[in-house]
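S.K.: Dropping a prediction and its sequence here:
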Amino acid sequence: MPPKKNTAKKSCGGSARKHLAPAGSPPAPAKSSTSSVEEEDARIPEGHSVWCLICRDGAEGDIVLFECNACPRVMCSKCIEVPKAHVDAVRSPDIIFLCLSCHSLQTVKEPAPYFGFYHNVLPEEGGTPLLPGFLRLNGKYELASNSILAATPLAVVHFTLGAKYAISTPVPLLSHYLDKYYPSGGFLYVEISFDVASYTKIDKYTRDQVETVAKLVRHLGSTGRVFAFLTNHSEEGSGWLFGGKEGRGEGEYVAMEVQHVLSTVLMPYARILKSAHIVFLVCGSVVEHNAPYTQLKDLLLYTVLQFNFASAILFPAARFQPLVATNFLVAMAELVAIEQLSIHTIFPTLLSMSGGLGQHTSVILMTPVNIDGCCKLELTTFARAHTQTSPWGLHIPAQCPQCGSTKSWADRVAVTVSDESRNVHASCQASVCQYIYTCKYTNCGSAQKLPCYKFSVTKPPGSIINSARTKNCAWFQSPSTHFVSQSLLESTQGKRKNETTFPGTAKKARR
């Protein structure tokens, strides 16, 4: 294929009044406007990337990009050395180009010379090399060999609670960062403000989204990808999500059941959100209440399955600060959105770049999986592990409960290992099954005539992620939990068909 030129180089917690249902009465069913969206012509997305897979740069002047005939990747004429005698020949329409990534995948078991350009068809179909010798490379890999570099249109959709005070998030920063990878206009950022506290507001919100959905459909075409973010507050006493304000927006905030808020806000975008990655920038204050926290997780899992997300990420800190997750989300944008790598594959890498995030919150990754022919949802929790402050992700007291000293635990903790040696200096962390902590304050317990305070922490099920480990810190992965999805979806969908009102209750907010 002829080469292509490129000429362009704070927390989410709070309190709110609880409502059993949206205020007012349900409006009369309106005529569906979906057909108008369906009939609009979708834009045919550009098929290839505009960034070289070697140097990650574009092309200007005499520099050209060679498009691979087997994938969306490209390589620039600075990173591959085409002999001068064949510069014109490689641009012929009947010449096939195979990028270095595809060549590497085809020769993973048995190395072979890289020729790059072939006559008429790809080498596995019998194509013969154009060049008399191998194609020389002038650069080195800066990316994973299976990275693609933003070959298809991308949209970031940010659902955020309509409020006078904005929740500070890194999403606008991420959008500005991602936009630079699409000089030809392949990136779109959409911010959607919502208030679904009454039936009137729900009806208006639903109608207002038709034009935005149509815009996204045209932009994404048939191969575009979506990254979604939902920013909201959660009610401190219940864990329910804020739905909006009472009255016309000047009243108090109301909190409503998670299922109601998520379903109402996301439903108009069901078509767009298929196979999307979604990040919930919502406080996990509900963790203080076991029953509501269980309900919150169940409802979030239901939502992930309902909209067929590729993955969902939740930060369960009681007073989650979205800005703390900036490094994590920027790395996710780079590796998942731009390089299009698997979220499962690169998750340890994301965690290794996010030590500060681990001091603030754990991270929950939810992905759909197929086990024995049954669709299930896999939920995995990752927590920062540090022998002095949070062994295996379990936080130890910041203060000795006996003497009140802070930072009082002995610098070198005693450990119990699974083998017979009981070597305190054992380097194999996998062998450690218990840590013993002793207060190092000299007079600890003297007033009570007790020995220095001591306690132990036993290793829970799970393992340390070696690829996310530093000298004193690591991330601990708890065993994944699988939830059956098919029966849940069928029962829920059947229930929805018979419902005439939105489910849920609402509670008054305290801030």
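M.R.: Received the coordinates, thanks. Just so it is clear, the model here is predicted, and its values are computed rather than measured.

S.K.: Where does Gly127 sit: helix, strand or coil?
M.R.: For Gly127, the secondary structure call by DSSP: H, G, I helix; E, B strand; the rest coil comes out as coil.

S.K.: Spit out the contact partners of it.
M.R.: Ile96, Tyr118, His119, Asn120, Val121 (Cβ atoms under 8 Å, 6 or more residues apart in numbering). C-beta here means a position set from N, CA and C on the backbone, and glycine is covered the same way.

S.K.: Most neighbours of all those residues, which one?
M.R.: When neighbours are taken as other Cβ atoms under 10 Å, the top entry among the contacts of Gly127 is Tyr118 (21 neighbours).

S.K.: Is that residue within a helix or a strand, and which one?
M.R.: Assigned by DSSP states H and E, Tyr118 belongs to strand 117-119.

S.K.: for Ser101, same thing?
M.R.: Counting by DSSP H and E, Ser101 is part of helix 100-106.

S.K.: Please tell me how far the helix or strand following the strand holding Tyr118 is from the chain's geometric centre.
M.R.: Next along the chain after strand 117-119, taking DSSP H and E as the criterion, comes strand 136-137. Distance, stretch centre to chain centre, for strand 136-137: 36 Å (Cα atoms, centre = their mean, to the nearest Å).

S.K.: Tell me which residues are up against strand 136-137.
M.R.: Residues contacting strand 136-137 (Cβ under 8 Å, 6+ apart): Ile54, Cys79, Ile80, Glu81, Leu100, Tyr114.

S.K.: Export those residues to JSON lines and append columns for distance to Phe309, secondary structure and pLDDT.
M.R.: Putting the contacts of strand 136-137 into JSON lines (distance: Cβ to Cβ, whole Å; DSSP: H, G, I helix; E, B strand; the rest coil; pLDDT from 0 to 100) gives the following:
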{"residue": "Ile54", "distance to Phe309": "33", "secondary structure": "coil", "pLDDT": "83"}
{"residue": "Cys79", "distance to Phe309": "36", "secondary structure": "coil", "pLDDT": "88"}
{"residue": "Ile80", "distance to Phe309": "38", "secondary structure": "strand", "pLDDT": "89"}
{"residue": "Glu81", "distance to Phe309": "44", "secondary structure": "strand", "pLDDT": "88"}
{"residue": "Leu100", "distance to Phe309": "32", "secondary structure": "helix", "pLDDT": "87"}
{"residue": "Tyr114", "distance to Phe309": "38", "secondary structure": "coil", "pLDDT": "91"}
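
S.K.: Show me just the buried residues among these.
M.R.: Ile54, Cys79, Ile80, Leu100, Tyr114 (16 or more other Cβ atoms under 10 Å).

S.K.: Tabulate the contacts of strand 136-137 (TSV), appending distance to Cys68.
M.R.: TSV is the format used below for the contacts of strand 136-137 (distance: Cβ to Cβ, whole Å):
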residue	distance to Cys68
Ile54	12
Cys79	13
Ile80	12
Glu81	17
Leu100	9
Tyr114	13
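
S.K.: Which single one of those residues is nearest to Ile278?
M.R.: Nearest to Ile278 among these is Ile54, at 32.1 Å by Cβ to Cβ.

S.K.: Check the contact between that closest one and Gly139; I expect there is one.
M.R.: Yes: using Cβ atoms under 8 Å, Ile54 is in contact with Gly139, at 4.1 Å.

S.K.: so how far is the helix holding Ser101 from its chain's centroid?
M.R.: For helix 100-106, the distance to the chain centre is 28 Å (Cα atoms, centre = their mean).

S.K.: In that helix, which residues are buried?
M.R.: Buried residues in helix 100-106 (16+ other Cβ under 10 Å): Leu100, Ser101, Cys102, His103.
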